[in-house]
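Undergrad: have a look; sequence and predicted model below, questions after that.
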Amino acid sequence: MIDTLQIKVTENSNPRLAETDFKNIPFGKTFTDHMFMADYEDGEWKNLQILPYGPIPMSPAISALHYGQAIFEGMKAYRLPNGDVSVFRANKNFERFNISADRMAMPIIPEEIFMQAVAALINIDKGWVPTQENYSLYLRPVMFATDASLGVKASDTYKFFLLASPTGPYYTKALKVKIETKYTRANEGGVGYAKTAGNYARSLYPFAQAQKEGFDQLIWTDSSTHTLVEESGAANVMFVLDGKLITAAIGETILNGVTRDTIIELAKDKGITVEERKVTVAEIIEGAKNGKLTEAFAVGTAATVTQIGEIGFEGELYKLSETSTRTVSTSIAKELNDIRNGLTEDRFGWNWIV
Ligand SMILES: *Cc1c(COP(=O)(O)O)cnc(C)c1O
């Protein structure tokens with residue numbers, strides 16, 4: 001059992017919940033009335049508090065801004081039919097947060113602080129957990145370095161905070177993606193497996209170039225040979241090739257996605273053959289040509305399952321079979337959504353009722 005921590009609560013005296021239009025909430029732009037915050041100083045976490053969502057005063061010299069010690073997570077809370085609120089597999093996000101922290105030479109956050117931050121914020125902002133179908137409350141934990149010092153070294157002080165943002169369905173149009181063979185997201189010995197800010201910064205320029213060429217998203221390849229498929233944008237990528245579900249094995253250059261892990265478990269449970277291994281660009285293009293590639297999709301917390309309809313590679317555009325019914329990904333996505341929304345039995349114990 002988790003000890004109950006002392007969390008100071010300052011209620012927001014100007015709540016915005018009543019005036020928020022839940023029919024018009026583009027992803028990541030609306031925040032709830034409160035946030036959680038804690039400080040790391042002298043080797044320990046202190047000043048645990050819930051306070052009104054708002055600006056944080058800080059020095060312009062903080063090392064996160066200069067040298068990038070910053071990590072984050074993303075998870076979702078769902079409204080169940082009986083009104084309860086459940087957070088999906090938050091323990092996985094907690095574990096990954098500390099894997100990221102370790103790689104970025106940042107302090108570990110204790111499980112009770114992370115989990116109680118989530119519980120405390122959801123409790124005070126429960127009214128913000130949407131009730132409409134396909135809506136949820138996105139949770140964003142962040143840790144960043146706060147030493148006001150220009151020396152290049154791991155900071156001695158940090159802030160941890162948690163924001164919550166109600167969010168609606170992602171658009172469902174199948175994406176046109178480009179297999180990227182010049183720029184890379186991650187490399188061996190690097191930080192690709194950590195959810196650290198710089199990984200996203202480095203992806204923005206190649207993404208903008210691909211958009212100029214008419215693509216919606218990128219498929220990243222390995223940095224040394226560009227012959228292996230790694231991820232798609234900020235999501236893992238999966239394929240149904242010859243009836244098997246295939247995806248890149250977890251390694252230094254692949255973010256260990258909770259959605260990826262969940263979908264693999266659901267697929268195995270349905271008797272689908274799953275292969276986690278090196279996935280070559282050549283076999284994907286070959287499969288697109290000969291029709292054996294029947295499904296391609298990106299998987300992540302924000303979008304769950306996003307279909308890929310067209311794949312660009314070396315100036316050619318390959319369309320996935322128009323007649324594909326996408327049975328594997330749509331059936332798994334439905335089961336995943338049903339579990340998260342409490343519409344079917346939570347057989348794997350993934351829902352944490354807050
Ligand atoms: C967050 C993220 C994912 C998806 O992880 P989930 O835990 O499923 O949300 C995949 N790849 C990258 C690069 C990511 O940042």
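TA: Everything's here; your move.

Undergrad: could I get the longest helix seen in the chain in PDB with only the CA atoms?
TA: Ranked by residue count, the top helix of the chain under DSSP state H comes out as helix 197-212. Extracted in PDB, the C-alpha atoms of helix 197-212 (Å, rounded to 0.1, in the frame of the first residue of the first chain):
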ATOM      1  CA  ALA A 197      12.100  17.000 -24.900                       C
ATOM      2  CA  GLY A 198      15.000  17.100 -27.400                       C
ATOM      3  CA  ASN A 199      13.800  14.000 -29.300                       C
ATOM      4  CA  TYR A 200      10.700  16.000 -30.400                       C
ATOM      5  CA  ALA A 201      12.700  19.200 -31.100                       C
ATOM      6  CA  ARG A 202      14.900  17.300 -33.600                       C
ATOM      7  CA  SER A 203      11.900  15.700 -35.400                       C
ATOM      8  CA  LEU A 204      10.200  19.000 -36.200                       C
ATOM      9  CA  TYR A 205      12.300  20.100 -39.100                       C
ATOM     10  CA  PRO A 206      12.200  16.700 -41.000                       C
ATOM     11  CA  PHE A 207       8.400  16.600 -40.300                       C
ATOM     12  CA  ALA A 208       8.000  20.100 -41.700                       C
ATOM     13  CA  GLN A 209       9.900  19.100 -44.900                       C
ATOM     14  CA  ALA A 210       7.700  16.000 -45.300                       C
ATOM     15  CA  GLN A 211       4.600  18.100 -44.900                       C
ATOM     16  CA  LYS A 212       5.800  20.400 -47.600                       C
END
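
Undergrad: and it, what's buried?
TA: Ala197, Gly198, Asn199, Ser203, Pro206, Phe207, Ala210 (16 or more other CB atoms under 10 Å). Every C-beta, even on glycine, is put in place using the N, C-alpha and C of the backbone.

Undergrad: in contact with the second one, which residues?
TA: By CB atoms under 8 Å, 6 or more residues apart in numbering, the contact list for Gly198 reads Gly68, Ala70, Val191.

Undergrad: so which residues on the stretch 101-250 of the chain come close to the ligand?
TA: Proximity of the stretch 101-250 of the chain to the ligand, by CB under 6 Å from any ligand atom, involves residues Lys195, Glu231, Ala234, Ala235, Asn236.

Undergrad: from these, which one has the minimum pLDDT?
TA: Of all these, Ala234 has the smallest pLDDT value, namely 93.

Undergrad: still on that earlier bit, which of the contacts of Gly198 has the largest number of neighbours?
TA: Highest neighbour count within the contacts of Gly198: Ala70, with 23 neighbours (other CB atoms under 10 Å).

Undergrad: tabulate the buried residues of helix 197-212 (JSON lines), appending distance to Thr181 and pLDDT.
TA: Output for the buried residues of helix 197-212, formatted as JSON lines (distance: CB to CB, whole Å; pLDDT from 0 to 100):
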{"residue": "Ala197", "distance to Thr181": "25", "pLDDT": "98"}
{"residue": "Gly198", "distance to Thr181": "22", "pLDDT": "97"}
{"residue": "Asn199", "distance to Thr181": "19", "pLDDT": "97"}
{"residue": "Ser203", "distance to Thr181": "15", "pLDDT": "97"}
{"residue": "Pro206", "distance to Thr181": "11", "pLDDT": "98"}
{"residue": "Phe207", "distance to Thr181": "15", "pLDDT": "97"}
{"residue": "Ala210", "distance to Thr181": "11", "pLDDT": "98"}
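
Undergrad: dump these to JSON lines, plus distance to Gln6.
TA: What follows is the buried residues of helix 197-212, written out as JSON lines (distance: CB to CB, whole Å):
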{"residue": "Ala197", "distance to Gln6": "30"}
{"residue": "Gly198", "distance to Gln6": "34"}
{"residue": "Asn199", "distance to Gln6": "35"}
{"residue": "Ser203", "distance to Gln6": "40"}
{"residue": "Pro206", "distance to Gln6": "46"}
{"residue": "Phe207", "distance to Gln6": "43"}
{"residue": "Ala210", "distance to Gln6": "48"}
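
Undergrad: closest to the ligand out of those?
TA: Distance to the ligand across the buried residues of helix 197-212 (CB to the nearest ligand atom) is lowest for Asn199, with 6.4 Å.

Undergrad: any idea how far Asn98 lies from Met104?
TA: 11 Å (CB to CB, to the nearest Å).

Undergrad: the two: which is more packed in?
TA: Met104 (21 against 18).

Undergrad: quick one: the more buried one from Gly43, how far?
TA: Distance, Met104 to Gly43, by CB to CB: 17 Å.

Undergrad: which residues in the stretch 151-300 of the chain form helices?
TA: For the stretch 151-300 of the chain, the helices defined by DSSP state H, counting those that start in this stretch cover 197-212, 258-269, 281-290.

Undergrad: below-threshold pLDDT in the stretch 51-200 of the chain: ranges please.
TA: Residue ranges of the stretch 51-200 of the chain with pLDDT under 70: 171.

Undergrad: kindly recompute the last result at 80.
TA: 170-172 (pLDDT under 80).

Undergrad: do a quick rundown of the strands in it.
TA: Listed from the start of the chain, the stretch 51-200 of the chain has strands (DSSP state E, counting those that start in this stretch) covering 70-72, 75-79, 85-88, 136-145, 158-167, 175-179.

Undergrad: fine by me, we can end here.
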